[in-house]
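J.: Based on what follows, work out the 3D shape:
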Amino acid sequence: MLPGTPAPALELETLDHGGFDLASDAPANGTVLVFYRGLHCPICMRQLKEVDGLLDQFAALETRVIAVSSDDAARTVGTKEKSGVKNLILGHSMSLEAARSDWGLYLSAGRPETAEPPLFHEPGLFWVKGDGSFYFASIQTMPFVRSPTAGLLAGIKYVTENNYPVRGNYTGPV
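T.: Below you'll find the predicted structure:
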């Protein structure tokens, strides 16, 4: 996925908001996708709670936020309860094939002695602009060291106010 090119398709069910389609549900300044590991991850629960507390600021920037995992609907109910999120859209049942091939997320095998599912994707954070183009990504191999949400908000504000160009899309000779 190269910044500035069309984002991959993403259609899935959400816990309390019906179906979600990235291609047709985008507000003016796009959608932030928070791919989280699942109910088993305490770091994810903290991140989702943080994002939930900043949704009004994202809305003021005309940007939607959805959190997505490969957990099924029942585990996503557990995520809502455990994290304490109130308004964050929680997408569920994303295929691991799409997580890896479409979004470039890393996959991990669960440890049997834990509450981890047999297979799950690692975290990722993406911003897809309102025109459907992929603009920003942070993809991780581990659950640690998440991008601060306040920094993402400041970045979206700066980009939209200053028409800041896509970065990371050079493909010429070096």
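J.: pretty sure residue 69 contacts residue 122?
T.: No. Applying CB atoms under 8 Å, one finds residue 69 not in contact with residue 122, separated by 10.9 Å. (Glycine included, C-beta is placed from N, CA and C.)
J.: Now do the shared contacts for these two.
T.: Residues touching both residue 69 and residue 122 (CB atoms under 8 Å, 6 or more residues apart in numbering) are residue 37.
J.: So for the two, which sits in the more crowded spot?
T.: Counted by other CB atoms under 10 Å, residue 69 and residue 122 do not tie: residue 69 has more neighbours, with 28 against 18.
J.: where along the protein do the strands fall?
T.: 11-14, 19-21, 31-35, 64-68, 89-92, 107-109, 119-121, 124-128, 134-139 (DSSP state E).
J.: Can you add mean pLDDT and give those back as TSV?
T.: Rendered in TSV, the data for these read as follows (pLDDT from 0 to 100):
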stretch	mean pLDDT
strand 11-14	97
strand 19-21	97
strand 31-35	98
strand 64-68	98
strand 89-92	98
strand 107-109	98
strand 119-121	98
strand 124-128	97
strand 134-139	96
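J.: so which of the ones you listed comes closest to residue 3?
T.: Judged by CB to CB, the one of the strands of the chain that comes nearest to residue 3 is strand 134-139, at 5.9 Å.
J.: packing partners for the closest one?
T.: For strand 134-139, the contact count by 3 or more CB pairs under 8 Å, 6 or more residues apart in numbering; DSSP states H and E identifies strand 124-128, helix 149-162 as packing neighbours.
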